[in-house]
Structure formats: C-alpha cells, structure tokens
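Q: Kindly return the folded structure for what I paste below:
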Amino acid sequence: MKAFFLTILLMLLTTFGVQAQTAGTITNPFPSIATLTSWASYNSQSKFDIEVRGIGFKFEVKSVEEGSTAFTYIRKVTINDISYTDRIVYRIATGNTASIISLVTASTDLVSLYTPQLSTYKSNNCKTEMSKDKNTTCTCYENANYSIDVCDERVKLTMGDGNKYFISVAKK
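A: A predicted model of the protein is given here:
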C-alpha cells in the first residue's frame, strides 16, 4: 500500500513539475502604440525612465547632439534559446519641445505586431534615414498628432549593430 501511494505521489509531483516548467516560458512584451504615443508626449525623460524600466529595460547611455539628447535603454531577452538585445531610444529636443520614441529589435516581428494597431492611421511608403549614409523604405503612418515609421528591413543604425525591425514614434 505504501508503494502505491508513493507511486501516485511521484506521478503527481512529476506532472506538476512539468507544468511549472512550461508555464515559465519567456515572453517578450512590447509596449502598444497607445503606450508609445503616450511616452512620446511626455517631454520628460525621468517619467519615461520609470515606465520603460517597468518592462525590463535598463539605462545604457546618454548622448547629447546638437538640439537634442538621446537616452538609450537595453533589454536582453532569450527566446527559443536565442539571445537578443532590444533597444529603446528616447530623444528629447532642447527646451522639451519634442520627443521621439524608437524601438529597435531583432527578437520580435514589430511589423506584424504594430500594423493592426495602426489601422486608424493614414499610411504611405516613405524613406527613413537610418544613419548618415543609409535610407530604408518603411511604412509611415500619420494622424493629427503623431508620425509613426515601421520598418522591416535589415538596417544599420548609428547606435551599433544591424537589427531586423524598427519603429519610430514622433509627436507632431
């Protein structure tokens, strides 16, 4: 009788242990278009900093350019045993007059993720400057308040390595 209960207990532990392991699958949540446009309206890096850290990004570098300051945040994720580095760049113009959110990643298809969320925006193809010497064709969306570029080509950005997807959200 003891062996029977021990066998049942062992089977239950094995079953629950396997379920606990599969429940721990890593997800890679990205902010929605509504969240990105909200962030682009802040004109406050400290407010943005609190929210972007809430989804797992860590501050990496601050770079000052003529007329603006960029704050880069990174997040290391592993999906299907492949490691990726996601980046978000928050750019704010001198005098807090404008802000831009850029999300650059190789780990998630941002085009498929964001295109349905942009159905109420007017869309057209455009060329987006990726660096001083490289343009890429993107789908650009606009409404009365925001310009949003979504790109799915391999691009070389001034911040470093090439990435498969890119989104930029700018308040008009």
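Q: all contacts plus neighbour counts: C-alpha atoms, from now on.
A: Fine.
Q: residue ranges of the helices in this protein, please?
A: In the chain, the segments counted as helices under DSSP state H are 2-23, 33-40, 45-53, 110-114.
Q: Return the set of buried residues in stretch 82-100.
A: Of all the residues in stretch 82-100, those buried under the rule 16 or more other CA atoms under 10 Å are 84-93, 98-100.
Q: got the contact list for Pro29?
A: Counting by CA atoms under 8 Å, 6 or more residues apart in numbering, Pro29 makes contact with Ile55.
Q: So which of the buried residues of stretch 82-100 sits lowest on pLDDT?
A: Lowest pLDDT within those is found at Ala98 (62).
Q: Okay, strands next: where are they in this structure?
A: Assigned by DSSP state E, the chain shows strands spanning 58-65, 68-79, 82-93, 99-105, 122-131, 134-142, 146-151, 155-156, 162-163, 165-171.
Q: any idea which of the ones you listed scores lowest on pLDDT?
A: strand 155-156 (a mean of 52).
Q: For Tyr146, give me its contacts.
A: Neighbours of Tyr146 in contact, by CA under 8 Å, 6+ apart: 37, 169-172.
Q: Which of the residues you listed lies at the shortest distance from Arg75?
A: Val169 (19.1 Å; CA to CA).
Q: isn't that closest one right next to Ser147, touching?
A: Yes. Counting by CA atoms under 8 Å, Val169 touches Ser147, with 5.9 Å between them.
Q: So between those two, which is more surrounded?
A: Neighbours of Val169 and Ser147, each counted by other CA atoms under 10 Å, are more numerous for Val169; the result is 26 against 19.
Q: and the more buried one, what does it touch?
A: Residues in contact with Val169 (CA under 8 Å, 6+ apart) are 36-37, 40, 100-102, 146-149.
Q: mind putting the residues you listed in JSON lines, distance to Thr115 included?
A: JSON lines is the format used below for the contacts of Val169 (distance: CA to CA, whole Å):
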{"residue": "Leu36", "distance to Thr115": "14"}
{"residue": "Thr37", "distance to Thr115": "15"}
{"residue": "Ala40", "distance to Thr115": "18"}
{"residue": "Ile100", "distance to Thr115": "19"}
{"residue": "Ile101", "distance to Thr115": "17"}
{"residue": "Ser102", "distance to Thr115": "16"}
{"residue": "Tyr146", "distance to Thr115": "15"}
{"residue": "Ser147", "distance to Thr115": "14"}
{"residue": "Ile148", "distance to Thr115": "11"}
{"residue": "Asp149", "distance to Thr115": "10"}
